[in-house]
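Asker: need a 3D model of the sequence below.
(one chain, ligands or ions: 1)
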Amino acid sequence: MAAVTFEGATRTFPQSDRPAVDALDLGIGDGEFMVVVGPSGCGKSTSLRMLAGLEPVSSGRVLIDGVDVTGHRPRDRDVAMVFQGYALYPSMTAGENMAFALRNLGVGADEIRTRVAEAARILQLEELLDRKPAKLSGGQRQRVAMGRAIVRDPKVFCMDEPLSNLDAKLRVSTRAEIAALQKRLGTTTVYVTHDQTEAMTMGDRVVVLRDGRLQQIGTPAELYERPVNTFVAGFIGSPSINLLDRVPVRDGRAVVAGSLRIALPAAGAGLASVTVGVRPEGVDVAGSDPGAGDRLTARVLRVERTGAELFALVEPLGLTDGVGHRGDHLVVRLDKRLGVHEGMELTLRVHLDEALVFDPEGIAVR
Ligand code: ATP
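Answerer: Numbering: from 1, shown residues only. Below is the predicted model of the structure:
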């Protein structure tokens with residue numbers, strides 16, 4: 001068992017008036033892959049470093065296996081860290097890099113050989129054990145760094161942006177490898193990234209931080225489908241969700257345009273206005289029928305084709321007075337076979353059941 005618990009864990013750096021991590025309460029299950037995500041400076045690395053013992057905890061506690069490790073030295077926590085720069089020793093071979101920590105821990109030579117061989121097999125590094133880091137590719141170095149953590153068979157893996165030095169293609173394949181490896185080993189893992197795609201594809205659950213505060217914790221699907229606020233809604237999903245501000249509420253409905261009305265749950269019916277969130281994939285091009293309060297006309301300003309997909313930047317027409325959209329225009333993903341082109345006018349169908357509604361403070365209305 002290696003559950004991890006943060007209990008009100010706070011880190012305030014000296015000479016700082018605001019905590020970098022503010023009263024973090026977080027429970028991570030035994031064997032769980034937990035991703036910590038958020039924009040630069042939100043406190044991801046500091047949270048991870050408090051768990052690894054590399055950063056003191058100003059107040060609150062960190063527990064591993066129910067044991068309060070807040071005052072324990074890093075080496076007494078049985079946590080292995082994988083950093084973004086890999087931090088391999090350049091003068092040692094890949095195999096020596098993997099063996100180094102074990103030797104320091106006083107593990108016997110035969111045991112070290114067995115564990116390094118096993119990790120090398122898992123990571124397909126067998127042919128490369130005698131090479132020094134300078135003669136390895138970025139992806140291979142990353143695997144050696146993983147191997148160094150694996151050989152220790154720790155209670156917890158702490159990974160801080162381990163893929164950020166890899167090119168885009170290698171990142172995609174390596175993230176799948178890491179996720180599969182973690183499942184095979186069953187080691188509790190806390191993985192920090194600023195990349196929401198990594199978070200969504202790798203995590204059993206994902207924690208979103210902002211300015212040192214936990215915003216939401218949930219499965220990738222929960223964060224995507226039921227974000228608690230506009231920050232989480234905007235952070236998860238690519239391209240970002242479209243947010244329409246100051247949408248007036250009439251008779252329990254958010255009136256985006258004359259022909260687009262969204263029925264609100266009871267909690268939203270008394271509000272004067274709401275913010276409506278529509279994901280780029282939450283619309284398609286409508287037929288000529290009048291629809292059921294789900295139509296929005298728009299002019300296409302620009303078309304972007306990524307090969308597999310087509311995104312259009314559109315200017316909505318006929319919005320209700322008062323409605324403003326944060327990004328000026330909406331980004332929508334459309335069927336690439338429809339021959340959408342710049343300047344054309346479209347009738348879009350908004351999938352009402354997928355539209356999100358937030359109060360004027362940006363809190364989800366449910
Ligand atoms: P990034 O994605 O850019 O690595 P992060 O989310 O990991 O960011 P942290 O590195 O945890 O963020 O930093 C959180 C906050 O604490 C930031 O405002 C940062 O400037 C501040 N901070 C981090 N380390 C120190 C330090 N040693 N001394 C003072 N302030 C620090």
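
Asker: what's the worst-scoring helix or strand of the chain on mean pLDDT in contact with?
Answerer: Least confident helix or strand of the chain, by mean pLDDT, DSSP states H and E, is strand 324-325 with a mean of 80. Strand 324-325 has contacts (Cβ atoms under 8 Å, 6 or more residues apart in numbering) with 242-246, 316, 319. The way it works is simple: take the backbone N, C-alpha and C, and place the C-beta from them, glycine included.

Asker: in its sheet, what does that strand sit against?
Answerer: strand 242-250 (antiparallel) (DSSP bridges).

Asker: not counting sequence-adjacent ones, nearest residue to residue 66?
Answerer: residue 3 (7.2 Å; Cβ to Cβ, 6 or more residues apart in numbering).

Asker: same question, residue 165
Answerer: residue 138 (5.5 Å).

Asker: correct me, but that neighbour touches residue 166?
Answerer: Yes. If you go by Cβ atoms under 8 Å, residue 138 and residue 166 touch, sitting 5.3 Å apart.

Asker: more crowded one of the two?
Answerer: residue 166 (19 against 15; other Cβ atoms under 10 Å).

Asker: show me the contacts for the more buried one.
Answerer: So residue 166 contacts 138-139, 142, 174 (Cβ under 8 Å, 6+ apart).

Asker: of the contacts of strand 324-325, buried ones?
Answerer: 242-246, 316, 319 (16 or more other Cβ atoms under 10 Å).

Asker: and the residue nearest to residue 66, what does it touch?
Answerer: Contacts for residue 3 (Cβ under 8 Å, 6+ apart) come out as 27-30, 63-66, 188.

Asker: switch the cut-off to 10 Å
Answerer: 27-32, 63-66, 155-156, 188 (Cβ atoms under 10 Å, 6 or more residues apart in numbering).

Asker: which members of these are the farthest-apart pair?
Answerer: For the contacts of residue 3, with distances taken as Cβ to Cβ, the pair at the greatest spread is 31 and 63 (16.3 Å).

Asker: and stretch 189-203, what's buried?
Answerer: 189-196, 198-200, 202-203.

Asker: what do you get for stretch 274-292?
Answerer: Those would be 274-284, 286, 291, for stretch 274-292 by 16+ other Cβ under 10 Å.

Asker: those in strands, which ones?
Answerer: 274-278, 283-284 (DSSP state E).

Asker: pLDDT-wise, what's the bottom of those residues?
Answerer: By pLDDT, residue 284 ranks lowest within those, coming in at 92.

Asker: which ones are touching the spatially closest residue to that residue that is not a sequence neighbour?
Answerer: Leaving aside its sequence neighbours, residue 284 sits nearest to residue 349 (Cβ to Cβ, 6+ apart; 5.6 Å). With contact taken as Cβ under 10 Å, 6+ apart, residue 349 is in contact with 260, 282-287, 289, 291-292, 294-296.

Asker: hmm, try it at 6 Å
Answerer: 284, 286, 294 (Cβ atoms under 6 Å, 6 or more residues apart in numbering).

Asker: now, among the residues you listed, which is nearest to the ligand?
Answerer: Proximity of the contacts of residue 349 to the ligand (Cβ to the nearest ligand atom) peaks at residue 284, which lies at 35.4 Å.

Asker: what about the closest one, distance to residue 253?
Answerer: The gap separating residue 284 from residue 253 is 22 Å, by Cβ to Cβ, to the nearest Å.

Asker: quick one: the longest strand seen in the chain to strand 273-278, angle?
Answerer: Determined from DSSP E, the single longest strand within the chain is strand 295-305. Angle, strand 295-305 to strand 273-278, by axes from the mean of the first three to the mean of the last three Cα atoms, to 10 degrees: 40 degrees.

Asker: and strand 295-305, how far out from the chain middle?
Answerer: Mean C-alpha position of strand 295-305 versus that of the full chain (Cα atoms, centre = their mean, to the nearest Å) differs by 29 Å.

Asker: likewise stretch 204-217?
Answerer: 9 Å.

Asker: list the contacts for residue 105?
Answerer: Applying Cβ under 6 Å, 6+ apart, no residues qualify as near residue 105.

Asker: what do you get for the one 10 residues further on?
Answerer: With Cβ under 6 Å, 6+ apart as the criterion, the residues that contact residue 115 are residue 151.

Asker: confirm that residue 2 sits in a strand.
Answerer: No. Residue 2: not assigned to a strand; according to DSSP: H, G, I helix; E, B strand; the rest coil it is coil.

Asker: hang on, it packs against residue 189?
Answerer: No. Using Cβ atoms under 6 Å as the test, residue 2 is too far from residue 189 to be in contact (10.0 Å).

Asker: low pLDDT regions in the stretch 251-366 of the chain?
Answerer: Counting by pLDDT under 70, the stretch 251-366 of the chain shows low-confidence ranges at 327.

Asker: repeat that for 90
Answerer: 258-259, 267-269, 287-293, 306-309, 318, 321-328, 336-339, 366 (pLDDT under 90).

Asker: for residue 256, phi and psi?
Answerer: Main-chain torsions, residue 256, degrees, to the nearest 10: phi -70, psi -50.

Asker: would you confirm that it contacts residue 249?
Answerer: No. Counting by Cβ under 6 Å, residue 256 sits too far from residue 249 to count as a contact (10.8 Å).
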